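Undergrad: Okay, here's the prediction I keep looking at, along with the sequence it came from:
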Amino acid sequence: MIRNWLVFIIFLFSKLSCSMAVEINNDDEAKQPSFAENYEIIPGAWQTHEYFPSLEGKAIALVGNHSSLIGDVHLVDTLLASGFNLLRVFSPEHGFRGEAADGQLIESGIDPVTGVSVVSLYGATRRPDPNDIKDLDLIIFDIQDVGTRFYTYISTMSYVMEEAARQQVPMLILDRPNPNGHFVDGPILEKEYSTFVGLHPIPTVHGMTVAEYAQMVNGQGWLGDGLKCELHIVPVKNYQRQMWYKLPVAPSPNLPNMTSIMLYPGLCLFEGTTLSIGRGTDFPFQVYGHPDLPAVEFPFSFTPQSRRESVYPPQEGNLCYGMDLRTQDSQKLMELSKIDLKHLLHAFNYFPDKNNFFNGSFDRLAGNSKLRKQIMEGKTEEEIRSTWQEGIDDFIEMRRAYLIYPDIY
């Protein structure tokens with residue numbers, strides 16, 4: 001009873017001690033209800049009565065970051081204040097506090113605020129060391145994802161699942177809504193293009209929560225060597241994929257608002273080109289441009305500069321001409337329900353040096369070499385999309401076995 005009251009008091013009055021606590025706010029979203037104003041959707045972490053009893057007397061670790069929240073309180077604060085034996089935190093790309101720049105390697109260490117040991121899974125290694133797993137009784141996973149194959153949090157989850165399975169340590173996944181969970185789209189990743197920005201043969205946008213995806217990783221045997229991770233899941237209450245869900249904090253430094261999150265599935269492909277998508281500006285993943293694009297056709301201009309969240313941004317210090325997509329209403333973008341290729345094709349058509357438009361990352365992000373070749377051949381968006389459909393249909397059928405929430409297909 002004392003523990004229940006303590007958690008309740010923390011939930012109501014405590015302030016974040018180890019979180020980036022970035023409010024997501026767009027002018028076009030001022031009219032949208034914030035998460036705090038809409039308690040209909042209840043993430044797994046909030047439902048402490050569902051999983052606290054299973055933590056008693058166990059040595060536990062958390063795979064988490066700044067998004068691992070219960071209301072405005074970090075899950076680490078709640079676990080420590082409740083007396084649980086939290087041995088360590090595993091942190092993904094961008095670190096435990098979610099402040100590290102894109103691609104920045106992060107060292108392990110001790111969190112100065114809580115005193116918790118933080119093991120980086122985005123530094124010298126992407127995989128947990130067996131010695132950091134074998135003394136555990138349970139691993140909790142609680143990170144806000146955005147539902148794309150190349151967003152690396154699900155790759156981190158897969159690697160942790162693999163080592164947890166080897167050490168026979170179960171995982172508890174506290175599920176969260178997927179803001180891009182309302183559609184499935186994009187080419188299926190081909191095996192030879194498997195990297196940390198795309199481990200498994202899934203489309204660019206998979207339409208699953210992290211718990212559903214974990215079940216697929218297990219069920220499809222993607223951990224290898226016949227391994228299966230023992231999974232326990234606390235689902236999101238009252239969640240349906242077509243629901244509008246405004247994230248309470250930015251999931252990573254360069255996705256600062258809902259417009260960037262909704263544009264991300266299509267604009268991230270620009271990371272495989274010589275163009276800028278606004279890293280090093282106040283509006284990453286909401287613009288695109290390049291110095292060599294014609295200003296008449298691309299009237300918006302911006303100059304990327306090095307900053308904390310993007311130390312060496314593409315086209316740093318160069319005046320870029322491009323397009324400003326910030327005026328688009330993020331809920332209207334949700335209604336699109338597909339990867340929008342028109343910006344990529346438009347930029348390629350007007351780029352003067354087509355042989356140097358793409359860089360070495362494009363095929364890894366696309367999951368194949370076909371998309372790059374189709375663009376260079378002048379294929380239309382409709383022609384390109386038609387080549388995805390069979391793979392998408394097969395994936396949707398396979399995916400049904402792993403769904404927790406009602407499907408939209």
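TA: That came through, no problem.

Undergrad: can you tell me how far the residue most central in space within the chain sits from Ser108?
TA: Nearest to the mean C-alpha position of the chain, by CA atoms, centre = their mean, lies Asp145 at 3.5 Å. Separation of Asp145 from Ser108 (CB to CB, to the nearest Å): 23 Å. (C-beta placed from N, C-alpha, C; glycine too.)

Undergrad: Ile392 now?
TA: Counting by CB to CB - Ile392 and Ser108 are separated by 39 Å.

Undergrad: Could you do Gly317 as well?
TA: 33 Å.

Undergrad: Going by how many neighbours each has, rank those two and give me the top one.
TA: Ser108 (18 against 10; other CB atoms under 10 Å).

Undergrad: longest helix of this protein?
TA: When the chain is parsed with DSSP state H, its longest helix is helix 153-166.

Undergrad: Quick check: buried residues in that helix?
TA: Residues of helix 153-166 classed as buried under the neighbour-count rule (16 or more other CB atoms under 10 Å) are 153-165.

Undergrad: excluding its backbone neighbours, what's nearest Pro203?
TA: Gly186 (4.3 Å; CB to CB, 6 or more residues apart in numbering).

Undergrad: ugh, wrong one, Leu275
TA: Using CB to CB, 6+ apart, the closest residue to Leu275 is His290 (4.6 Å).

Undergrad: neighbours of the one you found, just the number please.
TA: So His290, with other CB under 10 Å, has 24 neighbours.

Undergrad: Identify the residues contacting it.
TA: Thr274, Leu275, Ser276, Gln315, Cys320, Tyr321, Gly322, Ala347, Phe351 (CB atoms under 8 Å, 6 or more residues apart in numbering).

Undergrad: and the residues you listed as CSV, adding distance to Asp175 and neighbour count?
TA: Below are the contacts of His290 laid out as CSV (distance: CB to CB, whole Å; neighbours: other CB atoms under 10 Å):
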residue, distance to Asp175, neighbour count
Thr274, 38, 17
Leu275, 35, 25
Ser276, 34, 26
Gln315, 38, 20
Cys320, 39, 23
Tyr321, 42, 19
Gly322, 37, 26
Ala347, 36, 22
Phe351, 41, 18
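
Undergrad: Let me have those in JSON lines, extended by pLDDT and secondary structure.
TA: Below are these laid out as JSON lines (pLDDT from 0 to 100; DSSP: H, G, I helix; E, B strand; the rest coil):
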{"residue": "Thr274", "pLDDT": "98", "secondary structure": "coil"}
{"residue": "Leu275", "pLDDT": "98", "secondary structure": "coil"}
{"residue": "Ser276", "pLDDT": "98", "secondary structure": "strand"}
{"residue": "Gln315", "pLDDT": "98", "secondary structure": "coil"}
{"residue": "Cys320", "pLDDT": "98", "secondary structure": "strand"}
{"residue": "Tyr321", "pLDDT": "98", "secondary structure": "strand"}
{"residue": "Gly322", "pLDDT": "98", "secondary structure": "strand"}
{"residue": "Ala347", "pLDDT": "98", "secondary structure": "helix"}
{"residue": "Phe351", "pLDDT": "98", "secondary structure": "coil"}
